[in-house]
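Engineer: this one's sequence-less:
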């Protein structure tokens, strides 16, 4: 069987990291050989690539997963299957798909099990906002925190990729959502996403006191914190009795935890390592995507996007993530 496509094997463009450092300085646009199509894999003509803060950390060599040099950052891919390897259903050729993995390249080869057919309603740039952000958030809210209808969910970094996903999935789960963001544009984005309350942390003197006011002094049942640093220290003081504080990430630094406070308030600090969970339960990604696609069809999920960047502007896209200049998911659109 092998290759099923009218395309010929040749060269393609790919953004590559040869030396670690800030992406704006270290990304190089190379012409490389098209990846080899092996059994059980599919070749995708890339339309859009999703970018995130872990990609920035990988460029700097600061992420827990360190790919060998050179490598192409980019954690999510949407496009059209142009060829399939041995053992893969030929009917996939021509189908629109989204996948976790890939890179900033014109074509990528991916395992058949990592690609998911897209509903017609989900355009490529929005599709690449789904796997990492919504997969992480679904896992966090449902599998780790067991968020229940009527509970209160606090979301920090709420205008970012995972934060905006948490607002939408929290609302879809029947929770009351309190979003925290900085600046009028980010506050407006959170309001548009459906947050019940939005706190502009630049405008309040005491975030903890404001959360207590909004919860009648009870605190929040679940907190979703991708920020870390000093924000984490404020969030832990917002927890209700029997609350669950979800550790999503540390863009502001890795905080220290005062365990006496955890004991006194009887809340749980819950780690969320979504990537490792997929290795232990590979079928979970498919279940998460099915659930999110169903919510998208109902209108409950509509990914918040920063204005997409052209493929040639990928270094700037990643640097803007690093410099916190973006609102929503950052995407490189290869069609412009």
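Structural biologist: Received the coordinates, thanks. These figures come from a predicted structure and were not determined experimentally.

Engineer: Averaged pLDDT, the helix or strand hosting residue 260. What do you get?
Structural biologist: Per DSSP states H and E, residue 260 falls inside helix 259-265. For helix 259-265, mean pLDDT is 95.

Engineer: for the next helix or strand after it, packing partners?
Structural biologist: Per DSSP H and E, helix 259-265 leads on to strand 268-271 as the next helix or strand towards the C-terminus. On a contact count with 3 or more C-beta pairs under 8 Å, 6 or more residues apart in numbering; DSSP states H and E, strand 268-271 meets strand 239-247. Any C-beta I mention is one placed from the backbone N, CA and C, and that applies to glycine too.

Engineer: who touches the strand it packs on?
Structural biologist: With contacts defined as C-beta atoms under 8 Å, 6 or more residues apart in numbering, strand 239-247 is touched by 140-141, 144-146, 152, 215, 218-225, 228, 232, 235-236, 265-272.

Engineer: same check, this time on stretch 317-333
Structural biologist: Under C-beta under 8 Å, 6+ apart, the answer for stretch 317-333 is 22-24, 27, 47-53, 55-56, 59, 73-74, 104, 124-125, 128-129, 133, 159-161, 164, 185-186, 189, 251, 303-306, 308-311, 313-314.

Engineer: Buried residues in that stretch, which are they?
Structural biologist: If you call a residue buried by 16 or more other C-beta atoms under 10 Å, then stretch 317-333 has these buried ones: 317-322, 326-333.

Engineer: which one of the residues you listed sits closest to residue 13?
Structural biologist: residue 332 (11.9 Å; C-beta to C-beta).

Engineer: roughly how far apart are that closest one and residue 45?
Structural biologist: Here residue 332 is placed at a distance of 15 Å from residue 45 (C-beta to C-beta, to the nearest Å).

Engineer: what is the mean pLDDT for stretch 28-38?
Structural biologist: 95.

Engineer: which parts of that stretch are buried?
Structural biologist: Buried-residue list, stretch 28-38, by 16+ other C-beta under 10 Å: 34-35, 37.

Engineer: Quick one: distance of that stretch to the chain centre.
Structural biologist: Offset of stretch 28-38 from its chain centre (C-alpha atoms, centre = their mean, to the nearest Å): 25 Å.

Engineer: ditto for stretch 110-130
Structural biologist: Worked out by C-alpha atoms, centre = their mean, stretch 110-130 lies 14 Å from the chain centre.

Engineer: Tell me the span between the first and last residue of that stretch.
Structural biologist: Distance between the two ends of stretch 110-130: 17 Å, counting by C-alpha to C-alpha, to the nearest Å.

Engineer: re earlier: buried only: go through the contacts of stretch 317-333 for me.
Structural biologist: Buried members of these, scored by 16+ other C-beta under 10 Å, are 23-24, 27, 47-53, 55-56, 59, 73-74, 104, 124-125, 128-129, 133, 159-161, 164, 186, 189, 251, 303-306, 308-309, 311, 314.
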